[in-house]
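S.K.: The following block contains a protein sequence and its predicted model.
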Amino acid sequence: MKAYKFRLYPNKEQTNRLNKTFDSCRFVYNKLLEELNKSKKIDRNKIQHKILGLKEEFPFLNDTYSKTLQYECYRLFSNLKGLSRLKKNGKKVGRLRFKGRFWFKTINYNQSGYKLLKTEKRYDRLKLSRIGEIKIRCHRKFEGNIKQITIKRAVNKWFAILITDEKYILKRGRKKLGIDMGVINFLTDSEGRSVENPLFLKSSLDRLAKTQRELSRKRKGSKNRMKARMRVAKIYEKINNQRDDFLHKTTTMLVSECQSISLEKLNIKSMLSSSYNGRNIQDSSWFRFVSMLKLKAESAGVSIIEVDAKNTTKKCSRCGHLNKMPLWKRQFVCGCGLEIDRDYNSAKNILALGQGFVETQSELMKQEAIPERIW
């Protein structure tokens, strides 16, 4: 499915209704979680049926569209399923937490309760049940049927995310690339091209530190503290938007050029715990980059090959000799006469490992396809 994100412009009355809807959904989620914690045996139908009793006990819930409240049961069990999946993978997990006021950012209209209204040539109103007709800016065309609408509350902004049944398809290229990820250069490919790492958090640190100092001086519970908190949140929102924009453009460029991409498989968690450069590693968002790349590559039919990163920096891409390469040494010099940028050399080694893996797999498939001779 494909999602489209559009800006909403509710008036004051509609904003109040949206905020009440968010509070009602958060209230129902917390009540269902309370019921889940009390239950000795988990029964999803019983917990979902609890919503009817809550609506009788708390009449203000009747002002919220019923399917929006029912979706909170789905959200609860989706979160529970995510925790169990992490536990199976060997991660330490705790219990589900109750949602505070500022930690509840989305509500969902699933299948019904919404309608896009068109005037003249474009859609400019979104009708939501129990809320009304809200101005919406559809800045681009969308295709397919709308299956669900998610309303998102950002910092002094509202967004509608339209989820349609349109297939997400990208066109792929013909190149075969190896990619080395780093901090100075975000990535270097096996053709010698490099993309500079913007490090958006690092560039905003001074302004962020000043705004957080102002926040720490404000009295808790005061309106000035709330205003200072919103200023801090706006800076973080801008950093996230900049980072997402950069990652989307970079991944789309790679997928549109390649038919196969070889990447180094990094243990980012151990790198963060052992490196003095942990903040810049986090700022680089390698995990999010790889996740985006895999999603887009799947839609375009591009193969992603993850290889072991061991010795890819030390190994000469021409003769295969291992050389000592401390982090400060940015130029790879080998006895065979090769002088090359260390990241470029690493990218070429990653490509060779990726292509070797593909050839091995294809040979195994051919062997399995040959029937055994019966004597």
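M.R.: In hand now; what should we look at?

S.K.: Name the nearest residue to the residue nearest to the spatial centre of the chain, ignoring sequence neighbours.
M.R.: For the chain, the residue nearest the mean C-alpha position is R288 (5.9 Å; CA atoms, centre = their mean). Nearest residue to R288, sequence neighbours excluded (CB to CB, 6 or more residues apart in numbering): L247, at 6.1 Å. From N, CA and C alone the C-beta is placed, and that goes for glycine too.

S.K.: Can you point out the helix or strand that includes the one you found?
M.R.: Secondary structure from DSSP states H and E places L247 in helix 223-257.

S.K.: other SSEs contacting that helix?
M.R.: strand 175-181, helix 200-203, helix 205-217, helix 286-300 (3 or more CB pairs under 8 Å, 6 or more residues apart in numbering; DSSP states H and E).

S.K.: N156: which of the ones you listed is closest?
M.R.: helix 205-217 (15.4 Å; CB to CB).

S.K.: Could you check that closest one and say which residues are buried?
M.R.: Neighbour counts over helix 205-217 (16 or more other CB atoms under 10 Å) mark 208, 211, 215 as buried.

S.K.: Among those, which one sits closest to L338?
M.R.: L208 (42.9 Å).

S.K.: ok, N11 - how many residues close by?
M.R.: Counted with other CB atoms under 10 Å, the neighbours of N11 add up to 11.

S.K.: and if you look at L8?
M.R.: L8: 20 neighbours (other CB under 10 Å).

S.K.: Look up how far H248 lies from the residue nearest to the centre of the chain.
M.R.: 10 Å (CB to CB, to the nearest Å).

S.K.: tell me which element the nearest residue to K99 once chain neighbours are set aside is part of?
M.R.: Using CB to CB, 6+ apart and skipping residues adjacent in sequence, the residue nearest K99 is R26, 5.1 Å away. Element membership for R26 (DSSP H and E) is helix 12-38.

S.K.: Quick check: buried residues in that helix?
M.R.: 14-15, 17-18, 21-22, 24-33, 35-36.

S.K.: helix or strand right after it?
M.R.: helix 44-57.

S.K.: after that next one comes which helix or strand?
M.R.: helix 66-88.

S.K.: about what we covered before: what's near enough to touch the residue nearest to K99?
M.R.: 99, 101, 104 (CB atoms under 8 Å, 6 or more residues apart in numbering).

S.K.: what's the neighbour count on the second one?
M.R.: For R101, the number of neighbouring residues by other CB under 10 Å comes to 9.

S.K.: so what's it up against?
M.R.: 23, 26.

S.K.: State the distance from it to A160.
M.R.: For R101, the distance to A160 - CB to CB - is 22 Å.

S.K.: All the helices of the stretch 251-375 of the chain, residue numbers only.
M.R.: 268-274, 278-284, 286-300, 342-369 (DSSP state H, counting those that start in this stretch).

S.K.: hmm, back to that, put together a markdown table for the helices and strands packed on helix 223-257, with distance to T164 and mean pLDDT on each row.
M.R.: Converted to a markdown table, those look like this (distance: least, CB to CB, whole Å; pLDDT from 0 to 100):
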| stretch | distance to T164 | mean pLDDT |
| --- | --- | --- |
| strand 175-181 | 31 | 91 |
| helix 200-203 | 30 | 93 |
| helix 205-217 | 36 | 95 |
| helix 286-300 | 14 | 92 |
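
S.K.: nearest to D165, of these?
M.R.: helix 286-300 (14.4 Å).

S.K.: tell me how far that closest one is from the chain's mean position?
M.R.: Chain-centre distance of helix 286-300: 10 Å, with CA atoms, centre = their mean, to the nearest Å.
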